[in-house]
Each structure stands twice: as structure tokens, then as C-alpha cells.
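# predicted model follows, preceded by the sequence.
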Amino acid sequence: MLVIGHRGACGYRPENTLAAHEMAVRLGADRVECDVVPTADGVLVLRHEAELSGTTDIARRPDLEHLRRCRGGLDSRRPPGWFVEDLTLAQVRSVRAVEPMPTLRPVASAHDGLLGVPTLAELLTMLAWLSVELGRDVSVAVEVKEPSVFARLGLDAAQMLEAELAAPTAARLPVVLQCFDPRFLRRLRERGCELPLVQLLRPSGAAGAFTEARDAPGAPGWPSADLMCSDAGLSEISRYAQVLAPRKDLVVPLTADGSCGEANDLPRRAHARGLEVHVFSLRDENRFLPPALRVGADPAAHGRAAEEYAAYVEAGVDGVFSDHPDTAVRALRAA
């Protein structure tokens, strides 16, 4: 089973930093997963959200205060913040990464302010030399965030990806591309992209025709999880993607007593259509574990995560996204 370092080893280092990704590889991850968003001058940088105050120290930068605003649209009910599309690469480079969950992850939080926000090109370069050093292929899954939102701002993520992946360094690495937006993945395929594509899926979204997806799960017309997991939905996904990556509870639901229930047949039906199944995201902390697998009352304490991994081995999935790749490697060896 493939072990995918979710935003690197983000259980130990601030997410989407070079340090987090390097640690994931050294802990045994077969692949690292990163999220990319574009700067105002069209450079893809590694951040999970367009809004930067949760994962950087930008709120403590008075020289960037003038860029704080409300984004509008789907984010109109959120408080003002700093959005990556308003900053140049030079401005993004001037801020430092911080741990977004410091009370849960003090080990990662200890590195606040020590690490920068890398570009996708920098990650690809680092992974290339790590592959040489370790003597094994290290692949990368690049998740494109909010492509239609950025496209309306004149920032074409597809064009940026094509330019980045045409570089000689990128050619040395196995790369897959992933997104929640099925339109974006279809567009990549129609533009001649030959890389494996991953359709991400979480249990939200209004019912609608599969070809009418709009900006985000929950928006009118976005295909529901039920539709995308139906036989017809899986057949449609298989026309442009090689992997279905559902949130973990879409494969193994919780029972009334808070334990892992019996896996459903989604992996089997996806496999029948030529799709691999990778689930996200498995984490060690009690807060993220099924209640029956928690140890003690401290949300930050590590529970019996190995038992959750075993449930997904039993379910027949092909890969797991993990914040703690070392736990994943040990658990999967023992399962």
C-alpha cells in the first residue's frame, strides 16, 4: 500500500514546508502530497489555503497590513485576511511558516518562524536530489487548490503547472496531479496532460449533473459525493483520472459506538473501473481518531492509530494519506 506524506510529515513540521516534505521521505513515505496556490505574479507556492494568516506569520508583518481584505464570493462570510493572489513571490518569500494547530502539534510549532514558504519548483528540486541520495523513486502528488477561483483572477493554474513540469528537474520525478474540481482535471486531460490524475472527494456537495461542477463542494451544481461514488459517477471519473481519493469515512464509516465500521464496496467498484483508491487523511492524534481508538482525554495525545490503518488494509484501498508517515509505514508492515 502506498504511503503518502500528507502536506509532508505535517504531524512533525509545519505543513507544506521543505522540511516537512524531506522528513516525510526520510520516514519512509513513497510519495509526498503538496498543495499549490499562485502568487500575484504567477508562481505556484506551497500553501493549503489561499488565506495566509493560518499558516504563516503574515499577521505580525505591519508592512503587509495594507493587503488585508475580505475576499468576497464563497469566502464573503469569513473575516478579513491576506490572500496569496494579492502578494508577489518576493512578498510571500518574506513571511515565515507557522504550525496551524500549535496546541495539538507542539513539536511542529517549535519550528515556527524557522521555515519559509517554498515554491513548487523548489520542492521538485529537493525531491530529485533526495531520490538520488536515497536510491529510490520519490513521487509527488500536486493538489491544485481553487483553480476556477484563481482563473477568474487571471491566474491560470493549468498553464503554470505545464511550465513547471516542463523543467528538466520535474522530468526526473514521478508526478501525479490532483484536485477536488472534476472540471479542472478534465481540462488537464483535454489539454494533453499524460500524467496520472487523482479525483479528490469529500462528503459534501449538492446534487447536480456531473458535468455542471462549479467552484467548490457545496456550491450549486457541484456533484454530490453520492453521485460521484455511484457506478455512473465512477465510470465518468475513470474517463479522465486514474485514482479516486475519497475522505476516509466514505470507505470506512464509524459505528454508533465510535469504532471503525465495516468497509463499504467503494474500493471494489472503483477497482472494477480501473481506478486505484487512496484515502485521506490518517493522523495519530486523538482528535482525529475514531472515538473508540483514542487513548486518554487529551486531544493532542496519540491514540491507537495502527488499528485505523488496519481497517483500511482490510477495506482493500491502495494508498493512504498520512500526517505521520512513520506510523503509516509501521502499521502497514504489521497489518
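Thanks, I have it. From a predicted model like this one, the values you see are computed outputs, not experimental measurements.

# and the nearest residue to L275 once chain neighbours are set aside, what helix or strand is that in?
Leaving aside its chain neighbours, L275 sits nearest to L244 (4.8 Å; criterion: C-beta to C-beta, 6 or more residues apart in numbering). Using the backbone N, CA and C atoms, a C-beta is placed for each residue, glycine as well. Under the criterion of DSSP states H and E, L244 resides in strand 243-246.

# who does that strand pair up with?
Paired neighbours of strand 243-246 in the sheet (DSSP bridges): strand 197-201 (parallel), strand 276-282 (parallel).

# nearest to E22, out of these?
Across the strands paired with strand 243-246, E22 has its closest neighbour in strand 276-282 (19.3 Å, C-beta to C-beta).

# pull the distance from the closest one to the chain's centre.
Chain-centre distance of strand 276-282: 10 Å, with C-alpha atoms, centre = their mean, to the nearest Å.

# measure stretch 51-60 end to end?
Start and end residues of stretch 51-60 are separated by 14 Å (C-alpha to C-alpha, to the nearest Å).

# other residues contacting it?
14-16, 47-49, 64, 71, 75, 78, 81-84, 87, 92, 95-98, 100, 112-113, 117 (C-beta atoms under 8 Å, 6 or more residues apart in numbering).

# what's the answer for stretch 158-176, then?
For stretch 158-176, with C-beta under 8 Å, 6+ apart as the criterion, the contacting residues are 31, 36, 38, 42-44, 120-121, 124-125, 127-128, 131, 137-142, 144, 147, 177, 184, 187-188, 191, 193, 195-198, 242-243.

# which of these fall in strands?
The strands, defined by DSSP state E, take in 31, 36, 38, 44, 139-142, 144, 177, 197-198, 243 from these.

# so which of those wins on neighbours?
Most neighbours among the ones in strands among the contacts of stretch 158-176, by other C-beta atoms under 10 Å: P38, with 28 neighbours.

# identify the residue nearest it in space, chain neighbours excluded?
Using C-beta to C-beta, 6+ apart, the nearest residue to P38 is L155, at 4.4 Å.

# state the number of residues packed around D226.
D226 is flanked by 12 other residues according to other C-beta under 10 Å.

# part of a helix, is it?
Yes. Secondary structure of D226, determined by DSSP: H, G, I helix; E, B strand; the rest coil: located in a helix.

# which residues does the spatially closest residue to D326 that is not a sequence neighbour contact?
Closest residue to D326 apart from its sequence neighbours, by C-beta to C-beta, 6+ apart: L27 at 4.2 Å. Shown in contact with L27 (C-beta under 8 Å, 6+ apart): G5, A9, P325, D326, V329.

# mind checking pLDDT for the second one?
According to the model's per-residue confidence, A9 sits at a pLDDT of 98.

# got any ranges where the stretch 101-250 of the chain has weak pLDDT?
By pLDDT under 70, the low-scoring segments of the stretch 101-250 of the chain are 204-222.

# for the longest helix that the chain contains, packing partners?
Ranked by residue count, the top helix of the chain under DSSP state H comes out as helix 120-134. When contacts are defined as 3 or more C-beta pairs under 8 Å, 6 or more residues apart in numbering; DSSP states H and E, helix 120-134 packs onto helix 18-26, strand 31-38, strand 44-46, strand 139-144, helix 157-165, helix 168-171.

# okay if I get those as a markdown table plus distance to A270?
Output for these, formatted as a markdown table (distance: least, C-beta to C-beta, whole Å):
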| stretch | distance to A270 |
| --- | --- |
| helix 18-26 | 25 |
| strand 31-38 | 19 |
| strand 44-46 | 28 |
| strand 139-144 | 17 |
| helix 157-165 | 25 |
| helix 168-171 | 28 |
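
# nearest to F280, of the ones you listed?
strand 31-38 (8.3 Å).

# what's the angle between the closest one and helix 157-165?
Strand 31-38 and helix 157-165 are oriented at 120 degrees to each other (axes from the mean of the first three to the mean of the last three C-alpha atoms, to 10 degrees).

# partners of strand 31-38, with directions?
strand 2-6 (parallel), strand 44-46 (antiparallel), strand 139-144 (parallel).

# ok, which of those comes nearest L250?
Within the strands paired with strand 31-38, the stretch nearest L250 is strand 2-6; the backing value is 16.5 Å (C-beta to C-beta).

# thanks a lot, catch you later.
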